[in-house]
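In: Take this sequence and fold it.
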Amino acid sequence: MSRTPGASAGPAVFILAAGEGTRMQSQLPKVLHKVLGRTLIEHVIDAANDLNPSQLVVVVGAHRELVEEVVSKVSPGAKIVVQEKRGGTGHAARIALESVKVSAGTPILILAGDIPLITSTTLQALLDTHVAEQNSATVLTAQIDDPEGYGRIVRDETDGILRIVEDRDATEIEREITEINSSVYVFHSTDLIDSLSKINNKNAQGEEYLTDAIGVLQSAGKRVEPVIVEDFIEILGVNDRFQLSECTALLRDRINLHWMKSGVTMIDPTTVWIDPTVSLSQDVVIYPEVALAGNTSIESGVVIGARTTLINCEVKSGASIRDSYCDGAQIGADATVGPFSYLRPGTVLEKGVKVGAYVEVKESQIGAGSKVPHLSYIGDTTIGVGTNIGAATVTVNYDGVEKHQTVIGDHVRIGSDTMLVAPLSIGDGAYTAAGSVITDDVPAGSMGVGRARQRNILGWVLRKRSGSDSARAAEKNPK
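Out: As a prediction, this is how the structure comes out:
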């Protein structure tokens with residue numbers, strides 16, 4: 001059969017994700033544990049989808065309903081195949097092949113579902129080598145100092161692959177080999193079909209190993225070539241919680257290095273955690289102990305102070321945020337947030353807004369230049385421009401059944417310790433007196449006062465708290 005390099009369409013991609021993952025000690029399937037906001041299998045699917053595959057097949061087994069749900073969300077076009085009984089990687093590849101029609105000569109890329117650090121760049125290079133060399137199979141390998149637990153690459157006299165031997169089946173001499181199998185392969189489709197028909201489960205695990213297909217091809221005189229990955233961390237798998245944390249830290253370092261090379265300053269990058277879905281601009285400054293998650297986007301000149309978390313937030317240029325937790329908020333240009341602010345979904349801060357210490361905001365829009373400096377709750381509220389909200393103000397938006405809206409106009413002055421009982425409207429330029437409970441609308445330019453007149457009960461402490469420290473202090477100054 002003629003194999004013209006580059007003649008075929010995109011590769012078919014098989015992702016094997018049927019394992020139990022018992023070493024994770026979890027009710028959650030291994031491939032659904034997360035590394036920086038994405039499950040293990042999502043990282044692998046993302047790398048595969050960058051190759052524009054002609055077909056994407058995911059083989060599931062343990063906890064299949066949960067895995068299917070995630071796969072369907074992140075890659076709706078993927079074909080899901082169930083491995084009902086654990087039969088090994090060779091068996092998984094066979095049922096994947098049986099589920100789809102693959103044109104003769106189409107490269108088939110096979111990946112494990114638990115290698116979150118693999119990149120599309122490496123996968124494309126592997127495919128390019130496979131096609132250019134017209135290989136029957138091409139295997140991604142790595143050189144590591146401690147190969148324990150990994151399958152070893154046994155090379156032949158021409159420096160091709162003679163066979164791949166699993167760690168548990170290796171001899172003492174074979175265990176000294178430091179070149180390991182990554183569980184990433186490209187096969188010529190016809191050769192894969194033929195070799196899978198000739199493997200068996202006569203091994204320590206009683207399973208069909210996909211690696212045995214390599215030996216079959218080599219014995220038939222087919223070309224099987226190894227390609228050593230430039231950075232071995234790409235092929236690190238996750239089998240337990242320690243390896244999960246290790247991969248998370250490695251991905252953190254990779255992402256942070258990318259952003260620092262792109263013009264972002266990080267005071268201590270080892271304590272900064274950024275999801276791969278986050279977007280940053282030049283001249284952003286990030287202080288220690290910061291987490292940026294989800295679809296957060298941050299424009300130039302933003303300063304993110306220590307101990308800040310941003311989830312699905314949009315931050316405009318020149319804003320400053322410190323010691324705060326923000327989820328689903330839009331933070332305008334030159335706005336300041338914190339310390340110890342809590343911005344919840346639906347918060348929109350316009351240009352130059354200040355939200356200060358111990359302020360919570362949700363489902364509210366605060367107009368340009370307005371301030372909520374401290375100790376306040378703003379919920380289901382619209383605030384105009386240039387307004388100041390005094391300390392300890394609360395928009396009382398919930399009546400026990402429904403949420404209600406508060407509308408505060410431009411250049412309003414809300415006195416400290418004001419309760420604004422919604423539904424309510426405060427007109428432009430209005431004031432409220434400190435300590436008021438405002439239950440009715442305040443017209444523009446008016447002063448709203450909602451408090452009882454103070455009265456002093458003379459001698460109350462001496463009568464009611466006789467003999468106390470307070471009473472003795474009062475006796476010294478009876479006036």
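
In: gap between stretch 303-315 and the chain center?
Out: How far stretch 303-315 lies from its chain's middle: 14 Å, per Cα atoms, centre = their mean, to the nearest Å.

In: what about the longest strand in the chain?
Out: Longest strand in the chain, counting residues (DSSP state E): strand 179-188.

In: Residues touching the next helix or strand after that strand, excluding its own?
Out: Moving toward the C-terminus from strand 179-188, the next helix or strand (DSSP states H and E) is helix 189-196. In this structure, residues lying in contact with helix 189-196 by Cβ atoms under 8 Å, 6 or more residues apart in numbering are 1, 12, 90, 93-94, 97, 102-108, 136-137, 187, 208, 213-214, 216-217, 220, 222. From N, CA and C alone the C-beta is placed, and that goes for glycine too.

In: What helices and strands are in contact with the longest strand of the chain?
Out: strand 107-112, helix 120-133, strand 137-143, strand 152-155 (3 or more Cβ pairs under 8 Å, 6 or more residues apart in numbering; DSSP states H and E).

In: ok so, going back, let's see which of the contacts of helix 189-196 end up in strands.
Out: Residues of the contacts of helix 189-196 located in strands (DSSP E): 12, 107, 108, 137, 187.

In: Name the nearest residue to the second one, sequence neighbours excluded.
Out: Think residue 107. Distance criterion Cβ to Cβ, 6 or more residues apart in numbering; nearest residue to residue 107, sequence neighbours excluded, is residue 11 at 4.3 Å.

In: Look up how far residue 130 lies from the one you found.
Out: Distance from residue 11 to residue 130, counting by Cβ to Cβ, to the nearest Å: 9 Å.

In: Now for those two: what residues contact both?
Out: 107, 186.

In: what packs against the helix or strand containing residue 463?
Out: Per DSSP H and E: residue 463 is located in helix 460-464. Secondary-structure packing of helix 460-464 (3+ Cβ pairs under 8 Å, 6+ apart): helix 469-476.

In: what helices or strands is the helix it packs on leaning on?
Out: helix 460-464.

In: Now do the buried residues in the helix holding residue 463.
Out: The neighbour-count check on helix 460-464 (16 or more other Cβ atoms under 10 Å) flags 461, 462 as buried.

In: swap in stretch 96-111?
Out: 96, 97, 102, 105, 106, 107, 108, 109, 110, 111.

In: I'd like to know how far the last one sits from residue 228.
Out: Put plainly, it is residue 111. 17 Å.

In: Phi first, then psi, for residue 84.
Out: Main-chain dihedrals, residue 84, degrees, to the nearest 10: phi -60, psi -40.

In: what do you get for the one 4 residues further on?
Out: Dihedral angles of residue 88 (phi, psi; degrees, to the nearest 10) stand at phi 100, psi 170.

In: Only the buried residues of the longest helix along the chain, if you could.
Out: Using DSSP state H, we find that the single longest helix of the chain is helix 241-261. Buried residues in helix 241-261, counting neighbours by 16+ other Cβ under 10 Å, are found at 244, 246, 247, 248, 250, 251, 252, 254, 255, 256, 259.

In: Also stretch 17-26?
Out: Neighbour-count burial for stretch 17-26 flags 17, 18, 19, 21, 24 (criterion: 16+ other Cβ under 10 Å).

In: In which helix or strand does residue 43 reside?
Out: Per DSSP H and E: helix 40-49 holds residue 43.

In: That helix to helix 241-261, inter-axis angle?
Out: 50 degrees (axes from the mean of the first three to the mean of the last three Cα atoms, to 10 degrees).

In: mind exporting helix 40-49 as PDB, just the C-alpha atoms?
Out: In PDB, the C-alpha atoms belonging to helix 40-49 read as follows (Å, rounded to 0.1, in the frame of the first residue of the first chain):
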ATOM      1  CA  LEU A  40      -7.000  15.200  33.500                       C
ATOM      2  CA  ILE A  41      -9.000  14.000  30.500                       C
ATOM      3  CA  GLU A  42      -9.900  17.600  29.500                       C
ATOM      4  CA  HIS A  43      -6.200  18.500  29.300                       C
ATOM      5  CA  VAL A  44      -5.700  15.500  27.000                       C
ATOM      6  CA  ILE A  45      -8.800  16.200  24.900                       C
ATOM      7  CA  ASP A  46      -7.700  19.800  24.500                       C
ATOM      8  CA  ALA A  47      -4.300  18.800  23.200                       C
ATOM      9  CA  ALA A  48      -5.900  16.200  20.800                       C
ATOM     10  CA  ASN A  49      -8.500  18.700  19.500                       C
END
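
In: In JSON lines, list the helices and strands packed on strand 179-188 along with mean pLDDT.
Out: Converted to JSON lines, these look like this (pLDDT from 0 to 100):
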{"stretch": "strand 107-112", "mean pLDDT": "97"}
{"stretch": "helix 120-133", "mean pLDDT": "96"}
{"stretch": "strand 137-143", "mean pLDDT": "96"}
{"stretch": "strand 152-155", "mean pLDDT": "93"}
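
In: Could you dump those into a markdown table and include distance to residue 357?
Out: Output for those, formatted as a markdown table (distance: least, Cβ to Cβ, whole Å):
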| stretch | distance to residue 357 |
| --- | --- |
| strand 107-112 | 48 |
| helix 120-133 | 44 |
| strand 137-143 | 50 |
| strand 152-155 | 59 |
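
In: so which of those gets nearest residue 178?
Out: Between residue 178 and the helices and strands packed on strand 179-188, the shortest gap by Cβ to Cβ is with strand 137-143, which sits at 5.6 Å.

In: Show me what that closest one is packed against.
Out: The elements that strand 137-143 packs onto, with contact taken as 3+ Cβ pairs under 8 Å, 6+ apart, are helix 120-133, strand 161-165, strand 179-188, helix 211-219, strand 224-228.

In: May I see the buried residues of it?
Out: Residues of strand 137-143 classed as buried: 137, 138, 139, 140, 141, 142 (neighbour count, 16+ other Cβ under 10 Å).

In: And those, which two are furthest apart?
Out: 137 and 142 (16.9 Å).

In: mind checking how far stretch 180-197 is from the chain centre?
Out: 32 Å.

In: Give the rounded mean pLDDT of it.
Out: For stretch 180-197, mean pLDDT is 95.

In: ok, now stretch 271-282?
Out: Per-residue scores along stretch 271-282 average to 98.

In: How far off centre is it?
Out: Counting by Cα atoms, centre = their mean, stretch 271-282 comes out at 10 Å from the chain centroid.
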